[in-house]
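Q: Pasting the sequence and the predicted coordinates here, then a few questions.
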Amino acid sequence: MLSISSSLLRRRPSNSSALSTVSLTPSSDSSNNSAGLRTPGGPEGSPCSPLSSITLTPPPPSDLTSRVSPPTPVPSPSASGPPALHKRYPHYRLGKKIGTGATAVIHQLKLTTPWPNWLPKEMIPSGPSSSRPSVVIAIKAFRKPDRQETERAYRHRMISEFCISKSICHNEHMVQVFDLVKDRKGRWCTLMEYCSGGDVFSVLSQVDLTDQEMDCLFKQLLMGLAFMHSCGVAHRDIKPENLVMTKDGVLKITDLGVADVVRTCFDKNVRPSRGKCGSEPYWAPELFSSPEAYDATKMDVWSAAVTWHCIVFRQIPFLQATRDDPQYEMYTSHQRSAKTWPPLSKSGLDEQTCLYGMFDPNPVTRWSIQQCLNNPWVQSITSCHHGYTHLGEKHNHHLQPSLKKKKSSLFK
């Protein structure tokens, strides 16, 4: 359990007994309940980056393609699957494990010359090729399908996640995805950007954040979600563990395993999503009451609000957004009356307006991400660029190499 120092949580109300006593704890990986892939694309004027050169073939008939609207073709590699890692990148070296979950394990992957043509120029070391150090990226190896998932459904799920991730990764706040391969064990693997600053959950447990640094993390999350939603994609599993930091303090959204394409270039409105996915403490109320059809972009807004609470208080506000949870019941009673919820009691009026809008139990009236970015409080937040604000202030909301080796003193 996380012990919380009141000196670190400057917004924390003096009446701490009114807050949830549930600590922020890591949750298991999302249930892979994503539906069939749709072609991503935002409204007119905001197209997404094209997918890599993959042949389009109709998707196999499976439960994964049953949608509220008809499925669209799914990009697919050859019949034998993606290329072998050791054949495409013969000079790679597998590095240390940096993450593990219910569906995948992530390692560092070190590449040496000749560099692949997709490698961003800023990642290529300078100097003579003979003396250049290796380039470190990340490789996410997916566990093989269990008995309840067919090989065709598993294949479809792997391709769907890769194609959605690849099509919207060209943004500062999205983890870059490079390639889809198979390792020597026959596991499907995604090659992606390595973010050495740790995930936000680790940051919260090891770094003492100022109010300005907390706000900066939150605003970067909103900017990343705004980009995703403009491309017609909803994440559906926003939480601190799925937000990673670069060595320069740039927040990036990762793990699109249950992401859903909710609007194509032919749609004027958001298509409804269905199916429960993600982690229960971050679910919006409508996922408990009507999981068969909901607006996944509004779910992201709710999850982002819960993540804000985690960043500021190092606690989830409630276990689940239902009447069975006393903390949620307490929130709704405050929200309906004079809006006196204790976690927001020390916030300014604009901040309260924004967060109450995000925590609105009604998805119809709940704020959109763009409304949040237009809020005066959010606009006043000075977000950093590569660790520094435009005023030259240094933000330290990511892990430093020396910190990673220390055992967190926040855990008991």
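A: Good, I have the coordinates.
Q: how about the helices in the chain?
A: Taking DSSP state H to define them, one finds helices in the chain at 85-88, 151-167, 200-206, 211-230, 285-289, 296-313, 326-336, 349-358, 369-374, 376-380, 401-404.
Q: In JSON lines, list the ones you listed along with mean pLDDT, distance to P116 and mean neighbour count.
A: From N, CA and C alone the C-beta is placed, and that goes for glycine too. Shown next, in JSON lines, are the helices of the chain (pLDDT from 0 to 100; distance: least, CB to CB, whole Å; neighbours: other CB atoms under 10 Å):
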{"stretch": "helix 85-88", "mean pLDDT": "92", "distance to P116": "8", "mean neighbour count": "14"}
{"stretch": "helix 151-167", "mean pLDDT": "92", "distance to P116": "14", "mean neighbour count": "22"}
{"stretch": "helix 200-206", "mean pLDDT": "94", "distance to P116": "29", "mean neighbour count": "21"}
{"stretch": "helix 211-230", "mean pLDDT": "97", "distance to P116": "25", "mean neighbour count": "22"}
{"stretch": "helix 285-289", "mean pLDDT": "96", "distance to P116": "40", "mean neighbour count": "18"}
{"stretch": "helix 296-313", "mean pLDDT": "98", "distance to P116": "32", "mean neighbour count": "24"}
{"stretch": "helix 326-336", "mean pLDDT": "91", "distance to P116": "48", "mean neighbour count": "15"}
{"stretch": "helix 349-358", "mean pLDDT": "97", "distance to P116": "40", "mean neighbour count": "18"}
{"stretch": "helix 369-374", "mean pLDDT": "98", "distance to P116": "34", "mean neighbour count": "17"}
{"stretch": "helix 376-380", "mean pLDDT": "97", "distance to P116": "38", "mean neighbour count": "14"}
{"stretch": "helix 401-404", "mean pLDDT": "53", "distance to P116": "26", "mean neighbour count": "11"}
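Q: Quick one: residues contacting Q320.
A: Contact partners of Q320, counting by CB atoms under 8 Å, 6 or more residues apart in numbering, are 280-281, 283, 288, 328.
Q: Name the nearest of the residues you listed relative to K239.
A: Nearest to K239 out of these is P281 (CB to CB; 8.0 Å).
Q: where does that closest one land on pLDDT?
A: Looking at P281, its pLDDT reads 97.
Q: Does it touch C310 like I think?
A: No: applying CB atoms under 8 Å, one finds P281 not in contact with C310, separated by 9.0 Å.
Q: list the residues that contact both of these two?
A: Common contacts of P281 and C310 (CB under 8 Å, 6+ apart): I316.
Q: Low-confidence regions, the stretch 51-200 of the chain specifically.
A: Under the criterion pLDDT under 70, the flagged ranges of the stretch 51-200 of the chain are 51-80, 127-132.
Q: need the strands for it, in chain order.
A: For the stretch 51-200 of the chain, the strands defined by DSSP state E, counting those that start in this stretch occupy 56-57, 74-75, 93-100, 104-111, 135-142, 177-182, 188-192.
Q: will you turn those strands into JSON lines that also has mean neighbour count and distance to F201?
A: Below are these laid out as JSON lines (neighbours: other CB atoms under 10 Å; distance: least, CB to CB, whole Å):
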{"stretch": "strand 56-57", "mean neighbour count": "12", "distance to F201": "37"}
{"stretch": "strand 74-75", "mean neighbour count": "22", "distance to F201": "32"}
{"stretch": "strand 93-100", "mean neighbour count": "13", "distance to F201": "11"}
{"stretch": "strand 104-111", "mean neighbour count": "19", "distance to F201": "14"}
{"stretch": "strand 135-142", "mean neighbour count": "21", "distance to F201": "17"}
{"stretch": "strand 177-182", "mean neighbour count": "22", "distance to F201": "21"}
{"stretch": "strand 188-192", "mean neighbour count": "24", "distance to F201": "19"}
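Q: Of all those strands, which one is nearest S205?
A: Smallest distance to S205 across these (CB to CB): 14.9 Å, for strand 93-100.
Q: Name the strands paired with that closest one and say parallel or antiparallel.
A: Taking DSSP bridges as the criterion, strand 93-100 forms sheet pairs with strand 104-111 (antiparallel).
Q: Now do the strand it pairs with: distance to the chain's middle.
A: Remark: strand 104-111 is offset 18 Å from the chain centroid, using CA atoms, centre = their mean, to the nearest Å.
Q: okay, it in PDB with CA atoms only?
A: What follows is strand 104-111, C-alpha atoms only, in PDB (Å, rounded to 0.1, in the frame of the first residue of the first chain):
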ATOM      1  CA  ALA A 104       2.700  -9.900 -23.200                       C
ATOM      2  CA  VAL A 105       6.200  -9.400 -22.000                       C
ATOM      3  CA  ILE A 106       8.400  -6.400 -23.100                       C
ATOM      4  CA  HIS A 107      12.200  -6.400 -23.400                       C
ATOM      5  CA  GLN A 108      14.800  -4.000 -24.700                       C
ATOM      6  CA  LEU A 109      16.000  -4.800 -28.200                       C
ATOM      7  CA  LYS A 110      19.400  -3.500 -29.300                       C
ATOM      8  CA  LEU A 111      19.900  -2.900 -33.000                       C
END
